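S.K.: here is my input; please provide its structure:
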Amino acid sequence: MVANEIQRIDSKAARWIASDTLRELESEKIPARLAGELIQPAGP
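M.R.: Numbers count the residues shown, from 1 in each chain. Presented below is the predicted three-dimensional model:
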């Protein structure tokens, strides 16, 4: 995953952003939300 590669960059900000991204992607809320969006029809 790209976020894992970013964690290896020698930058405190880059590591923080990558860690935050991984935490969100690995949480239960994001996959559930994405699954709901895939099921819901798009448009008004």
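S.K.: so which residue is smack in the middle of this structure?
M.R.: Geometric centre of the chain, nearest residue: L25, 3.5 Å, by Cα atoms, centre = their mean.
S.K.: pLDDT score assigned to that residue?
M.R.: The model reports L25 with a pLDDT of 82.
S.K.: ok, now E5?
M.R.: Looking at E5, its pLDDT reads 92.
S.K.: equivalent analysis for T21, please.
M.R.: Note for T21: predicted pLDDT of 90.
S.K.: that one and E5 touch, don't they?
M.R.: No. The criterion here is Cβ atoms under 8 Å, and T21 misses it with E5 at 11.5 Å. Every C-beta, even on glycine, is put in place using the N, C-alpha and C of the backbone.
S.K.: tell me which of these two has more neighbours.
M.R.: Taking other Cβ atoms under 10 Å, T21 and E5 do not tie; T21 has more neighbours (16 against 10).
S.K.: quick one, what contacts the closest residue to the more buried one other than its chain neighbours?
M.R.: Nearest residue to T21, sequence neighbours excluded (Cβ to Cβ, 6 or more residues apart in numbering): A3, at 4.6 Å. Applying Cβ atoms under 8 Å, 6 or more residues apart in numbering to A3 gives the contacts 18, 21-22, 25.
S.K.: how about the strand or helix carrying T21 as PDB, C-alpha atoms only?
M.R.: Taking DSSP states H and E as the definition, one finds T21 inside helix 12-26. Only the C-alpha atoms of helix 12-26 are listed here, as PDB (Å, rounded to 0.1, in the frame of the first residue of the first chain):
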ATOM      1  CA  LYS A  12       7.700  13.600  10.400                       C
ATOM      2  CA  ALA A  13       4.700  15.100   8.500                       C
ATOM      3  CA  ALA A  14       4.700  12.400   5.800                       C
ATOM      4  CA  ARG A  15       4.800   9.700   8.500                       C
ATOM      5  CA  TRP A  16       2.000  11.300  10.400                       C
ATOM      6  CA  ILE A  17      -0.200  11.600   7.300                       C
ATOM      7  CA  ALA A  18       0.500   8.000   6.300                       C
ATOM      8  CA  SER A  19      -0.300   6.700   9.800                       C
ATOM      9  CA  ASP A  20      -3.500   8.700   9.900                       C
ATOM     10  CA  THR A  21      -4.500   7.400   6.500                       C
ATOM     11  CA  LEU A  22      -3.800   3.800   7.400                       C
ATOM     12  CA  ARG A  23      -5.800   4.200  10.700                       C
ATOM     13  CA  GLU A  24      -8.800   5.500   8.700                       C
ATOM     14  CA  LEU A  25      -8.600   2.800   6.000                       C
ATOM     15  CA  GLU A  26      -8.300   0.000   8.600                       C
END
